[in-house]
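K.L.:
Below are the sequence and a predicted model; questions follow.
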Amino acid sequence: MINQKRLNPVMRSLISLAQGFLVAIALIWVFNIIELFKGGDAWLGLMYLLIMLFFASSITYVKLKNKDPKLWFDGSEKWRNLLFSFQGVVLGFWMFDIATTIYSIDITGLAIELNPLGWPLGILGALVYYAPILCFSYVLLFKIKERISFYAAILLTIVTLGMGSMNLLAGVQNFQLFVDTAFLPAGVRYELLALIFAVNLMVLLALRKMVPQLKPDVKFSK
């Protein structure tokens, strides 16, 4: 496990951003599995489940091997990193919207882009908003570090989550088209699932040899 106390503020903020992004992707992935099992191709749902287990088992193994003591942060630092991680959550929602839109428009041809800019220029509309907001949030949380800037960042994050929720809703609607039309061909079902399962097993065996038992590091006090 990376000792965040030894990282500069930029790296710590990037880690928080990545953690928020991964949480959003994990929640979306669980939703996808449920929808595929409930109303789509169950074989695709099983494939999605095995892919999720591939990442979940790897992360769990590394966590269990980590024996570093719990790192302590002052309250302000902890809340600033947590708040910034929501920017990663919103980016995850946006990426879900983009991926499902590509399937709906470019692959199936059954949907159209409602944004006046059309497709794929419609992506720029969200990018023009998210990119400056991401930079502004970083400045408010990690550069100014005043109480008023923290409160401003909270308000900005709430607004951004509202924007991200619209991307999430659009992605959910697009994914329903995937549920209705996508299927795993019978000729490759068992082979593909066996391949994913074999990759899962090989990665775990590789991690067992490559990831050393991490020893306790120096403790940090408040």
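P.N.:
Thanks, I have it.
K.L.:
helix or strand for the residue lying closest to residue 85 once chain neighbours are set aside, which one?
P.N.:
For residue 85, ignoring the flanking residues on the chain, the nearest one in space by Cβ to Cβ, 6 or more residues apart in numbering is residue 20 at 3.4 Å. For glycine as for every other residue, the C-beta is placed from the backbone atoms N, C-alpha and C. Using DSSP states H and E, residue 20 sits within helix 9-39.
K.L.:
and the longest helix for this protein?
P.N.:
For the chain, the longest helix by residue count, based on DSSP state H, is helix 147-181.
K.L.:
what about the helix or strand that it is followed by, average pLDDT?
P.N.:
Later in the chain than helix 147-181, the nearest helix or strand by DSSP H and E is helix 189-210. Helix 189-210 shows a mean pLDDT of 82.
K.L.:
buried ones in helix 189-210?
P.N.:
189, 192-193, 196, 200, 203 (16 or more other Cβ atoms under 10 Å).
K.L.:
same deal with stretch 85-99?
P.N.:
For stretch 85-99, by 16+ other Cβ under 10 Å, it's 85-98.
K.L.:
go on, stretch 33-51?
P.N.:
By 16+ other Cβ under 10 Å, the buried positions in stretch 33-51 come out as 33, 35-37, 40-41, 43-50.
K.L.:
again with stretch 138-157
P.N.:
So, applying 16+ other Cβ under 10 Å, buried residues of stretch 138-157: 138, 140-142, 149-150, 152-153, 156-157.
K.L.:
Dump the residues you listed to TSV, plus distance to residue 77 and pLDDT.
P.N.:
TSV is the format used below for the buried residues of stretch 138-157 (distance: Cβ to Cβ, whole Å; pLDDT from 0 to 100):
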residue	distance to residue 77	pLDDT
138	14	92
140	14	91
141	10	90
142	9	89
149	14	89
150	11	90
152	18	93
153	14	92
156	19	93
157	17	94
